[in-house]
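Engineer: give me a model of this one.
(one chain, ligands or ions: 2)
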Amino acid sequence: MSFERIKKFILDTLFPISCVICKKENAWFCQNCFEKIEIVSEQVCPYCEKISSTKGAICPKCKLYFSKKNKEIFLDNLLVSAKYKRGRLSKVIHVYKYNFISDLSIPLGKIILKALVKNNIPIPDLIIPIPLHPRRLRWRGFNQAELLADFISLNLTIGLEIPIEKNVLQRKKYTPPQMKIKSYKERVSNMQGAFCLKKEEIKKIKNQNILLIDDVSTTGSTLLECAKILKFFGAKKVFGAVIARQEIS
Ligand SMILES: [Zn+2]
Ligand SMILES: [Zn+2]
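Structural biologist: Ligands and ions are numbered 1, 2, ... in the order given. From the prediction side, this is the model:
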């Protein structure tokens, strides 16, 4: 355990839990503040981010562009659940990831779940959380995308646990966090070749409809890179879902 984590542990023991936003005691994200988070009512095309689309599918204009360029579509849909800056959601996500409050995976998972239900997305065969590099996993102590995926796997359909695969995709490149890189081009190239899939895992994803889960997307390049690998090895459809899209400042 790092010094920071020990310090955090001691502080948590000495001081009671309080809402990240309003400081009310007993919950990290109180019901009142949670209910202020609105689920996005209109999804947009994940590629141009301009044209509204059903279930965050690629718009006809981008589709035409892709086919003209002979480019394959790897990520079929991207569902963005809420607005990053609205209701101080960004603060909650930040505390979840950087103050290591893993309990926040439940309300944050609920936000994605609400968006999945609202958009009536098809039930996936398999859920895959975006993996962390082992070094970052050791530092954080948990994979934030994995905890969100766990919640969705258990709660998307009543009485049915959707299979989840946590080790199929692996992050082989230790990349700086996307939010620390300013240019779009650099963010895309930062992700290229960042993931891999082991040969013996191919059978698990073949012909499957996969739901990829991540906490936030910036340019969408992380999800795109994962979708590319999954499609390359035979996945049928790849649907991405995130809590929010972080605008590049
Ligand atoms: Zn509150
Ligand atoms: Zn588009």
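Engineer: roughly how far does Thr218 sit from ligand 2?
Structural biologist: For Thr218, the distance to ligand 2 (CB to the ion, to the nearest Å) stands at 17 Å. Using the backbone N, CA and C atoms, a C-beta is placed for each residue, glycine as well.
Engineer: what's the burial count for that residue?
Structural biologist: Using other CB atoms under 10 Å, Thr218 has 19 neighbouring residues.
Engineer: surely it is in contact with Val242?
Structural biologist: No - with contact defined as CB atoms under 8 Å, Thr218 does not reach Val242; the gap is 9.8 Å.
Engineer: need the contact list for the residue most central in space within the chain.
Structural biologist: Against the mean C-alpha coordinate of the chain, by CA atoms, centre = their mean, the closest residue is Asp214 at 1.3 Å. For Asp214, the contact set (CB atoms under 8 Å, 6 or more residues apart in numbering) comprises 129-130, 145, 222-223, 240-242.
Engineer: mind running it again at 7 Å?
Structural biologist: Applying CB atoms under 7 Å, 6 or more residues apart in numbering, we find Asp214 in contact with 130, 145, 222-223, 242.
Engineer: with Met191 instead?
Structural biologist: The contact partners of Met191, by CB under 7 Å, 6+ apart, come to 175, 221-222, 225.
Engineer: quick check: pLDDT value at it.
Structural biologist: On pLDDT, Met191 comes in at 72.
Engineer: for this structure, list the residues in contact with ligand 2, please.
Structural biologist: Residues of the chain lying near ligand 2 by CB under 5 Å from the ion: 45, 47-48, 51, 59, 62.
Engineer: which parts of this structure are helices?
Structural biologist: Along the chain, the stretches classed as helices by DSSP state H are 3-14, 31-35, 60-68, 89-98, 105-118, 134-140, 144-155, 184-191, 202-205, 221-232.
Engineer: the ones you listed: lowest mean pLDDT?
Structural biologist: helix 184-191 - the lowest mean pLDDT of the helices of the chain, at a mean of 69.
Engineer: identify all contacting residues around stretch 24-39.
Structural biologist: 16-22, 81-82, 86-87, 89, 92, 101, 103-104, 107, 111, 114-115, 118.
Engineer: buried ones among these?
Structural biologist: Among the contacts of stretch 24-39, those classed as buried by 16 or more other CB atoms under 10 Å are 19-21, 81-82, 87, 89, 92, 101, 104, 107, 111, 115.
Engineer: okay, these in JSON lines with distance to Ile210 next?
Structural biologist: Output for the buried ones among the contacts of stretch 24-39, formatted as JSON lines (distance: CB to CB, whole Å):
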{"residue": "Cys19", "distance to Ile210": "35"}
{"residue": "Val20", "distance to Ile210": "31"}
{"residue": "Ile21", "distance to Ile210": "33"}
{"residue": "Ser81", "distance to Ile210": "18"}
{"residue": "Ala82", "distance to Ile210": "22"}
{"residue": "Gly87", "distance to Ile210": "30"}
{"residue": "Leu89", "distance to Ile210": "26"}
{"residue": "Val92", "distance to Ile210": "27"}
{"residue": "Ile101", "distance to Ile210": "28"}
{"residue": "Leu104", "distance to Ile210": "25"}
{"residue": "Pro107", "distance to Ile210": "25"}
{"residue": "Ile111", "distance to Ile210": "21"}
{"residue": "Ala115", "distance to Ile210": "17"}
